[in-house]
Structures are given as structure tokens and as C-alpha cells.
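Student: Below are the sequence and a predicted model for it; my questions follow.
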Amino acid sequence: MSAVFMETPQTAARRLATSAIRQGMRPDGLHIYTQPNGEPMFWRIRCKHPETGEKWIRPMHWTGNGYAIGEPPAPATGKLLYRLHELEGAADGSMVYVVEGEACADALAELGLLATTSGGASSADGADWSPLAGRCVRLWPDRDEQGIKYAADVEDRLRALGSIVERLNVDALGLPAKGDCVDWLAVHPGADAVAVNALPLADAARAASHAEQPTPEPLPDPLPAVPVFNPALLPDCVRTWCTDAADSLQVPLDFTAVPAMVGLAAALGGRQLAVRLKTHGHWYERPILWGCVVGRPSSGKSPALSPARRLLESVVGPEREEYERARKVHEGKAILADARKAHAKDEARKAIKKGIPIDPEALGESARFDHDAPTEPRLVVNDATVEKLGELLNENPRGLIQFRDELAGWLASLDREGREQDRAFWLECWNGTGPYTCDRIGRGTVRIEACAVSILGGMQPGKLAEYVRGAVRGGFSDDGLMQRFQLAVYPDLPTSWRYTDRPLDREAEERARAAFNRLRALIPADVGAETTEACDVPFLHLSEDAQALFVEWQTELMQRLRAGSEPPFMESHLAKYPALAGRLALVLHLADNGTGPVSADAVLKALGWCEHLERHARRIYAPATDNGLTAAHLLLRKRDSLANGFSARDVYRKCWAGLNDPDTVTEALAVLSDHYHVIEVAETTGGRPFTSYRWVA
């Protein structure tokens, strides 16, 4: 038999720890993890440096051929507890101490106490605690943050198994920071099992505080109320289509109304026509709209975006067919030009051989081909870089619309390293005026005559809350980009749901399609548009009545904003409403076949939209201004994912949507504490005070 098979666990452990021993460490323990019948499962080798205190800890197991570093596969129920065979053989009523680390368990076992551990401070989750089900257990945590956390994790698992759990008051034991039961026994060499069992408990005071704690109170609704959308605010041409689609999808009317308005504006084009909002001053607004529908997953926001997108894709269909014909003609002409060029070369060679004079100019003219290739008409884009979008805008100068099913991903892409300039580009796209030059190595210089891009998409409340906090509290996203999403709605979902499976109103859809096509084909002169050097596109005036309504409304709005009663982010948002009102009025006027000056009726509808959208804006910004109430609701829904004794750090490190910021989590925990859903527990670890939180039953 070989020497390897003759090894004892002790000699094998020393062999495997050779590298640590060479570094000055000394063997400090060999702990055996046993199966319930007492058979060894694996060993844990411990070495410690006598001067620095540095530790070397490794598991060791029998492979069948010898001892090797590592643990054998754990049972499906979890890793075995230390000294398991003693727990299995003890009487059910016996007290069991749970400590952190095998050395502590051995020290208590030498006093005749039942003791166990799952290993280190982070091992509670993977262990099988079922052998302690229903038993009396006393926890002796190390005096540090990790020890308190380990004890809390173990306590949660044991209480779920019906165990009776107590915890020693380690602050009353006079231990140093990171002190454990081995340190206490070293200071009290005469202590026995009776002395250990008499140590003070933290659970008595904790239980008393639990008994005094009031019953948890319901959290207030974090969202301000919003009105139900009034269908009269929609153009006649799309009203029935929007209500029919919303009813079929069982979604709020807002979910189809906003895409319809943004879609109509995109069909018209941000560089086709403008509206003049002052009788004498040069204030022109172009119909560029940014819309966002906010709703929880499965709320139906994505299907509600589809009808408007389908119509926009369809209006470009005839243009694309014409493009395909023009492309084929151009390719044919290019082939003919290549043939003429080849023929000219042959004729030139023949003339040279024969000594016949050649007219270079005439020869070049016969082979010349300088016709530009036709550009593909585009209206909808989904995921284009700024550089590519610039090229598309130059090819489609009337403007584009970007559709994003989830706007959160697009907003996050603007924050990526190396894309800092993209935000400036998109801020320009909302205005629709002025050139923009983009210089990139490889692509060269792309000059855009005017950026004009509408945006439409959806967002989940949690992702939205993260973004608006940046817009409200300062930081990279506090640049007005969020405030440009002025057609942003966050409606309440219908309180009831019914199954629907019926044909859609095709006549209503065709009326809407006709309106989209009409706006796409609109010629400014046909609707009475004027031109001036002060505006780079044709424009319509407001009618006299419409101008009076607009002036009265804007005066009241600006006086409200100048009073200083609104927070800065709402001032920034509402200050853009006059421009929004003008853009909406222009779209509403033209969608219903309006010609000449924009009517008072269109302005009244636009002002109704602004009133509706303001209420939604207050709801959208609420998560950033409610002092943690929205985050508290989110955290309460995560209750089952957090153990008792968790910290704020345990929450934000999970990176849950709306709960990945330390300040936000702290505010949420304060709200939950105020409403008696959690109890704050101040833990003393010898260093910085540590606060953990326990759920109130």
C-alpha cells in the first residue's frame, strides 16, 4: 500500500498546509464535519500566524485515492452543520448554541454544551438548518457587523423552522471589537456551562420593544391623483380609433391618445410647418413632440404604442415603392454609364493605334455619370447612433420619429462613457432649429442642417423613478432632457378587466390612416402658410381669438411660476408648456382639415392637454420629492427577499429598480420605521455604530 493511503487526516492536513507553514503560520486546528451517523464528511484546516494574526483556512476531503483540498459535493438540502452527529444524538429539549466558526463551537463543546456552526459569517444561506427545527437555540454572534449579520440570517432561518431563538447581548460581555466566545473564555478561564448559560440575553429587551411596538400602519398612496383623459381633447379624425383601441386592449385612453398625437406630429414632420405664437414677435414652434407612457409591466403600454407605429410605417409605404423604382432606374443608368465608359476606352485605344486625334472633353462627356443615387425615405427609427441619425436626417430633412418600447434603455445609453455629446444632440432635436455638426474619426464630419426628431416610448415606474431623481436632485441628468418629455402620462389602470375579442373598428382606423397620409402629403401653401426670413420653414398664425386665449393662459401660467411656489424642476417643466401648447394646437388644427390661422378651438384643446399633462407631470416627479414614500412601497414589496436584521447596504447592493441609491434606501427605511413596518436596531460593534432593521410581524 502506498504512503498516500497510510496518511492520517492530521498528516495530510500538514502536507496540504505546507505553503502556509513555510510563510510562518502554525497549525491551529483540524475540524471534522461529520454525517449524522458520525462518519467524517470533510475536514477544515486552520493555520494562523503567531505575530500577524493572518489566517489560512481550507477544506480537505477524501477523494478515494487520497486527501485533497476542497469540499465534497453538498447534499441537496444544503451543507452539513458542524458537530452534526452530536446534535442528532442530543435530547430534543437541549439548548444548542450557534456560533461563528468551528473554534468557537469546539470551545463551548469542551464545557459540555451543545454547539454548532455553518462556518464563516457568509455561510448561513447555504447550510441545512433542519436539524435545529423546533429546538431551543441561543446565538452567540461575534462583536462586529458581520457577526450581527450572521446571527440575524441564522435567526430568520431558525424561526421559519419553528425554533425558539435567543441571542446573547454581546455588548454587555466587555468584548473588544470582533471579539467572540473564545476571547470571552480566555478572559474567564474558570467559566463553566452554568456560567455561560447565565450570560445576559439581548432578546429579553428586544422582545419587550416588540411588545410595545404598534401595529404597522398602511403607507399613504405615494402618487398624486390624476384625471381620466377626456376624449374631446383628441382630433375628430382619431378619436374613435383611439377609444376603440384602448377598449380592445383594456388600457387607459391616455395610452393610445399620446401615441396618436406624437404620431400625427411625426407624420406632419418637424421641419414642414411651424406656428407663430406672437402677432409681431418672432416666436415660432415646430410640431416636434416627445411622448412617454408609464405603466407597470403587463399594463398594456407596449401594445398601445403599436397602432400609431403601424400607421406611421404605412404612410411611408408609397414613398418607399417610388424609391424602389427610382433605385432600379438609377442602377440601370449606372450600368449603362459603365458600359459607355468601357466603350469610350475601347474607342480611345483604337484611335491611338490609328493615330486619330482624340477630343478629351468630348470623350469624358460621353462617359460622364454624376446622378446622385435616390435616398430611401424614412420616418421611423429605433436604435441609431447620433452619427447615423445625422445621415438619416440629411436624407429626410422633414424630420424623424424614434420609437423605443422601453425608453429606460435609451436614456441609460446616453450616460455611457464616450457618449457624453449625445445628450447635447438630443436636446437640439427637441427644438428642430439650427445646424448641428458631428465630427468623428472614421466617419468624418456629418453636418445636419436641422435636427428634428420626435420621440415615443414607454417606461416602467421603477426605472422612471431612478431617472427623475437625477433630474430633480442634480447630476448628469439634470439638463432639461427629462422636462422635454411633456406628453408623459402615468394613468391609473382600469379597476376592472374583462376579456375582449372583437373586430376593431376598421372604418375608424381608415379615418385615422387618411389623416396620417394627409399630413404626410401636406403642402404648406395649400393651408395658407406664410414665409418670412425670420423663420426657416413656412408658418401659420394664431387666429385673433386663439391669440387672445393663448395670451391670457400664458400670462396666468408665468405669474404662477414667477411667484416661486413651484420647485425648480417643475418650473423648468411648466415653463416649456407655452411651446407645447403651440405645437399641439398646430397638430390639432391641421389634423382636422384646418386651413389658415390656427383656430381658437384647436388652442382650447391644446390648453386642455396642458392641464391634463400637468397633473401627470406631478405624479411622474413624485418619486423624487416624496421623501422616500415611493421607495418605501417598493421596499415593502421586497419584504420576502430580505432577512430580518438587514441593513440599508443589503438593500441597495441588490440594485433593485428604484432602490439602488443609498440616500433613497435610507429615506425608504425611515418611512417604514415611521409607519411601524420595521424596527431600527442599533448594534455596537466596537467601531462605527451599525443599524440593522427587523420586520414587524
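Tutor: Happy to help now that I have it.

Student: For stretch 124-142, buried residues please.
Tutor: Within stretch 124-142, the residues that count as buried by 16 or more other Cβ atoms under 10 Å are 124, 127-129, 131-132, 135, 137-142. All C-beta spots, glycine's among them, are computed from the backbone N, C-alpha and C.

Student: Need the pLDDT of Gly687.
Tutor: Per-residue confidence (pLDDT) for Gly687: 53.

Student: just to revisit the earlier point, tell me the one of the buried residues of stretch 124-142 nearest Arg286?
Tutor: The closest of the buried residues of stretch 124-142 to Arg286 turns out to be Ala124 (Cβ to Cβ; 61.2 Å).

Student: Could I get the contacting residues of that closest one?
Tutor: By Cβ atoms under 8 Å, 6 or more residues apart in numbering, the contact set of Ala124 is Ser118, Tyr150, Asp153, Val154, Arg157.

Student: follow-up on the earlier one: including pLDDT, could the buried residues of stretch 124-142 go into TSV?
Tutor: Compiled in TSV, these are given as follows (pLDDT from 0 to 100):
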residue	pLDDT
Ala124	87
Ala127	90
Asp128	91
Trp129	91
Pro131	90
Leu132	90
Arg135	86
Val137	91
Arg138	92
Leu139	93
Trp140	93
Pro141	91
Asp142	91
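
Student: can you tell me which of those residues are in strands?
Tutor: Secondary structure assignment (DSSP state E) places Val137, Arg138, Leu139, Trp140 from those within strands.

Student: what's across from the closest residue to Ala90 other than its chain neighbours in the sheet?
Tutor: Nearest residue to Ala90 in three dimensions, chain neighbours excluded: Leu114, at 5.4 Å (Cβ to Cβ, 6 or more residues apart in numbering). With beta bridges defined as DSSP bridges, Leu114 has these partners: Val96.

Student: what's the pLDDT at Leu114?
Tutor: In the prediction, the pLDDT value recorded for Leu114 is 92.

Student: One more: Gln250?
Tutor: 92.

Student: what's the closest non-adjacent residue to it?
Tutor: Ranked by Cβ to Cβ, 6+ apart and with sequence neighbours excluded, the top spatial neighbour of Gln250 is Trp497, at 5.5 Å.

Student: Neighbours of that neighbour, how many?
Tutor: Other residues within reach of Trp497, judged by other Cβ atoms under 10 Å, total 8.

Student: Just to be sure, it is in a strand?
Tutor: No - read with DSSP: H, G, I helix; E, B strand; the rest coil, Trp497 is coil and lies in no strand.

Student: wait, isn't it in contact with Leu249?
Tutor: No - when contacts are counted by Cβ atoms under 8 Å, Trp497 is not listed as touching Leu249 (10.8 Å).

Student: wait, which of the contacts of Ala124 is closest to Glu680?
Tutor: Checking the contacts of Ala124 against Glu680 by Cβ to Cβ gives Asp153 as the nearest, at 18.2 Å.

Student: wait, what's in contact with His49?
Tutor: Contacts of His49 were listed using Cβ under 8 Å, 6+ apart, and they are Gln23, Gly24, Met25, Arg26, Lys55.

Student: from these, which two are the most distant?
Tutor: Maximum pairwise distance in those, criterion Cβ to Cβ, is 12.4 Å, between Gly24 and Lys55.

Student: Leaving out chain neighbours, which residue sits closest to the residue nearest the centre of the chain?
Tutor: Centroid check for the chain by Cα atoms, centre = their mean gives Lys463 as the closest residue, at 3.9 Å. Spatial nearest neighbour of Lys463, excluding adjacent residues (Cβ to Cβ, 6+ apart): Ala408 at 3.8 Å.

Student: Find the helix or strand that the one you found is a member of.
Tutor: In this structure, Ala408 is located in helix 407-413 according to DSSP states H and E.

Student: Same question for that helix: list its buried residues.
Tutor: For helix 407-413, the neighbour count (16+ other Cβ under 10 Å) marks Leu407, Ala408, Trp410, Leu411 as buried.

Student: from these, which is closest to Lys79?
Tutor: Within those, distances to Lys79 taken as Cβ to Cβ reach their minimum at Ala408, with 39.1 Å.

Student: Quick one: residues contacting the closest one.
Tutor: Met459, Gln460, Lys463, Leu464, Tyr467.

Student: Now intersect those with the strands, please.
Tutor: Secondary structure from DSSP E places Met459 of these in strands.

Student: what's the helix or strand for the residue lying closest to Ala384 once chain neighbours are set aside?
Tutor: With Cβ to Cβ, 6+ apart as the measure, Leu392 is the residue that lies nearest to Ala384, at 6.6 Å, once sequence neighbours are left out. Under DSSP H and E, the secondary-structure element containing Leu392 is helix 386-395.
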